[in-house]
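Undergrad: what's the 3D shape of this:
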Amino acid sequence: MSEHHSRFPPAADDTQDDDAFLERELNLSARGVELVKMEGRVFLRFAGAVRVEGLHVDYRLVPARGVLAKPSKWRKMEVTARRALVEERATRDAVDDLNQEVEEFVREIADQADEFGVDPMLFLHVLAELETSEPAEFVFDRIRQRLLHAIEREQEERHAARTKESINLAEYPASFDVARKMARRFVALLGPTNSGKTHRAMEHLAQADSGVYLAPLRLLALENYERLQNAVRADGGKVKVSLITGEERRLAEGATHVASTVEMLDTKTPVQVAVIDEIQMLADRDRGAAWTAAVCGAPASTVYLVGAPEARRAIEALAERLECPLEVHVLKRKAPLSMEPGAVRKLRNLKRGDAVIAFSRREVLMWRDMITEMGLSVATVYGNLSPEVRRAQAERFREGQADIVVGTDALAMGLNMPIQRIVMTTAVKYNGVEEEEISAALAKQIAGRAGRYGVHEEGFVAGYDDDTHDVMRSLMKEKIPPVPASGFAVAPSLEQLHRISSVTGETSLVKLLKRFVHNIDVPDGFFYPRITEEQNGRAEWLDTLDLSVAEKFTMSLVPISTKVPTLESAWTHWAQSLAKRKVCKLQPHPQELFWQNLQEVEDTCRMYSAYAWLGYRMPEFFPSIEEAQTLAREASERVDALLQQQNAATRKRQSKRERGRW
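TA: Now for the predicted structure:
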């Protein structure tokens, strides 16, 4: 073996150091090759350029065999094995083959674009700008699809032109009349969990003459509604505040402030201060459009953008586009956060103040029972629980009635609790398709809940087993990729769909949504039309009913899971009743809750909440809003009681077993 191939880095146990060594050792950068870790994959990316028919096109793309491994597998590979794999995949032939593929693809796109009078660089410039782990063929397919959409627009010239006259996403910010006319300024408060960023923003909001707080969750809206209620202004007065979420309204007479979920933003009423929480949610696949709308449309003189540091580039890009001055403050965590030296390994090593994290309801309840059998009391938090139950369970832990809290990553957002140590039972989560390692961003957000400032001097993180502990150690060191600074999602409003309908004569919700996506594009891709898969799927069925565009649009957005048969049945019944113009009243049967198991009561609670959401939007057909809220509250109380009963029963059984041993 040559000297060139025998040198090894001094710290072979650190993946990032090993990879940097590999890049230097194999001289990858000189060959236009990058070794990248992103989106749950380790992969190679080739850079180059081609010239075709007067076009110069740069590219940075992943070749067909460019994906090397998942991060968990990559970390376990010896340096020599990694090196061999990189050498095998990053050959001169592989570089030449990709260059040839790009050249053929550019020629194909250039020919098609020329035939229909379209500038090919509108589609090809992204080859050098995309940050993705997808192989080149998938990128090519997406560009072909985008070009196909453009061609469809040309073929539908009359409707497309009229549609574009009715809406132009390039001028999307101008659609928010009140915000557009105001002299707004942005203040970004960015930092990790426990850096005090939300506290600082809320203090400014409480002292303002008027304002709004926008939350990602009902739970956070409720928490900060109460925080504002309890705030004391500089003049000694109290803040008059209302709570507005999709499912609930608590309207205070003469209210100057509002706490609401982000989707409920009132874009017509100007205020002095707005606080947009968890601003990194701009990148969320399904809900990011709500944050785009909030940043563009919050009618406040000062808009606080609160969230993770990786959102900085995106915020700067938005501020520049909106021509709003921006102040950025990067805050540091107030209490240090450290990895435990080793894994927990045994139940008896758990202690008061721990939060044990699993990633499914079933796993949470299993761990709760195992820990309870050790004689410890447990509070339980997971996504399926209503905000009221989550708060009640968190309160038990906060007040010392529960020794340990067991929960999913629902703990990562909101619910300030005196957690000293986060214990991960696994670092693998089901993503809807397969089990995969959690991202560094999620790992850090969960871990950040440990070591509440003012309660603990330091927070700790551990894996329950050795493998999970090692993965968490690596994830805590990993750099989180920034939120993209373009491609901000925009969802259609009812007003926009009505405009498209009026110029095309179209009443099918599926076709209106499709026209919104295909015909309302922005050449530079800064704003991007986005329809969720769930809304699209619902629209197809709703088009079979005798409903107006407005009714179909509203029904397509009801916050209820159609993956749960009983909830899908309720939603279907509501839509069919609406089509028949039948008033759909709730018949209270709270006693039924006592015959249902935990899962059934949880689903019942969600069903009543969804009815209340619908009632606020169509009260003439869904008038039982107060009944729905009362029944949802009773169901929430029943869930909380069942969780406590199960906890107590398990501890009682354990106590009997211990007495039997004597």
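
Undergrad: For the chain, which strand extends over the most residues?
TA: strand 41-52 (DSSP state E).

Undergrad: Show me what counts as buried in that strand.
TA: Neighbour counts using 16 or more other CB atoms under 10 Å place 41-48, 50, 52 of strand 41-52 among the buried residues. Yep, even glycine has a C-beta here, placed from its N, CA and C like the rest.

Undergrad: Show me the helices in the stretch 151-300 of the chain, by range?
TA: Using DSSP state H, counting those that start in this stretch, the helices of the stretch 151-300 of the chain run over residues 157-166, 177-181, 197-207, 218-230, 288-297.

Undergrad: Show me what the last one is packed against.
TA: By that I understand helix 288-297. helix 177-181, strand 271-276, helix 312-322, strand 488-490 (3 or more CB pairs under 8 Å, 6 or more residues apart in numbering; DSSP states H and E).

Undergrad: same for the following helix or strand past that helix, what does it pack against?
TA: Downstream of helix 288-297, the next assigned helix or strand under DSSP states H and E is strand 300-307. Applying 3+ CB pairs under 8 Å, 6+ apart, one finds that strand 300-307 contacts strand 185-190, helix 197-207, strand 271-276.

Undergrad: tell me which element F397 is part of?
TA: F397 belongs to helix 387-398 when assigned by DSSP H and E.

Undergrad: Please apply the same query to V601.
TA: Using DSSP H and E, V601 falls in helix 598-617.

Undergrad: could you give the angle of that helix to helix 387-398?
TA: Angle of helix 598-617 versus helix 387-398, following axes from the mean of the first three to the mean of the last three CA atoms, to 10 degrees, is 130 degrees.

Undergrad: can you map out the helices along the stretch 351-500 of the chain?
TA: Applying DSSP H, counting those that start in this stretch to the stretch 351-500 of the chain gives helices spanning 361-372, 387-398, 440-447, 466-477, 494-504.

Undergrad: Could you measure from T408 over to M424?
TA: Going from T408 to M424 by CB to CB, to the nearest Å gives 11 Å.

Undergrad: and the two? which has more neighbours close in?
TA: Neighbour count, other CB atoms under 10 Å: between T408 and M424, M424 has more, with 27 against 21.

Undergrad: how about the more buried one, what does it touch?
TA: Contact partners of M424, counting by CB atoms under 8 Å, 6 or more residues apart in numbering, are 357, 446, 461-464, 468-469, 472.

Undergrad: Out of these, which end up buried?
TA: Counted by 16+ other CB under 10 Å, the contacts of M424 give 357, 446, 461-464, 468-469, 472 as buried.

Undergrad: From these, pick the one nearest V178.
TA: I446 (37.8 Å; CB to CB).

Undergrad: Report the separation between the spatially closest residue to that closest one that is not a sequence neighbour and R449.
TA: Using CB to CB, 6 or more residues apart in numbering and skipping the chain neighbours, the partner closest in space to I446 is A412 (4.6 Å). Going from A412 to R449 by CB to CB gives 7 Å.

Undergrad: Sketch out the low-pLDDT regions of the stretch 451-600 of the chain for me.
TA: For the stretch 451-600 of the chain, the stretches flagged by pLDDT under 70 are 453-455, 519-522, 588-593.

Undergrad: repeat that with 50
TA: Low-confidence segments of the stretch 451-600 of the chain, defined by pLDDT under 50, are absent.

Undergrad: and the next element down the chain from the helix or strand of the chain with the lowest mean pLDDT?
TA: Of the helices and strands making up the chain, the lowest-confidence element is helix 3-6, at a mean of 38, by mean pLDDT, DSSP states H and E. Using DSSP H and E, the helix or strand that follows helix 3-6 towards the C-terminus is helix 15-25.

Undergrad: What count of nearby residues applies to the nearest residue to H204 once chain neighbours are set aside?
TA: Computed as CB to CB, 6+ apart, the closest residue to H204 that is not its neighbour in sequence is V273, at 6.0 Å. Residues lying near V273 (other CB under 10 Å) number 24.

Undergrad: So V273 versus R390, what's the distance?
TA: Relative to R390, V273 is positioned 28 Å away (CB to CB).

Undergrad: ok so, going back, which other helices and strands contact the longest strand of the chain?
TA: Packing partners of strand 41-52 (3+ CB pairs under 8 Å, 6+ apart): strand 33-38, strand 55-61, strand 67-69, helix 71-76, helix 92-115.

Undergrad: To N230, which of these lies closest?
TA: strand 33-38 (42.8 Å).

Undergrad: Direction included, what does the closest one pair up with?
TA: As defined by DSSP bridges, the strand partners of strand 33-38 come to strand 41-52 (antiparallel).

Undergrad: quick one, strands of the stretch 401-550 of the chain?
TA: Along the stretch 401-550 of the chain, counting by DSSP state E, counting those that start in this stretch, strands occupy 404-407, 421-424, 428-430, 435-437, 459-463, 488-490, 527-529.

Undergrad: got the contact list for the helix holding F397?
TA: Contacts of helix 387-398 (CB under 8 Å, 6+ apart): 217-219, 222-223, 379-381, 385, 402, 404-405, 410, 415, 417-418, 605, 633, 636-637, 639-640, 643-644.

Undergrad: how about a cut-off of 6 Å?
TA: When contacts are defined by CB atoms under 6 Å, 6 or more residues apart in numbering, helix 387-398 is touched by residues 218-219, 222, 379-381, 402, 405, 415, 417, 636, 639-640.

Undergrad: Just want the angle from that helix to helix 218-230.
TA: Put simply, helix 387-398 runs at 70 degrees to helix 218-230, going by the same axes, to 10 degrees.

Undergrad: any idea how far helix 387-398 is from the chain center?
TA: The chain centre lies 23 Å from the centre of helix 387-398; the measure is CA atoms, centre = their mean, to the nearest Å.

Undergrad: Buried ones in it, by neighbour count?
TA: 387-394, 396-398.

Undergrad: ok, so what distance separates N431 from E39?
TA: Distance of N431 to E39, given as CB to CB: 11 Å.

Undergrad: surely T408 meets T380?
TA: No: if you go by CB atoms under 6 Å, T408 and T380 don't touch, sitting 9.8 Å apart.
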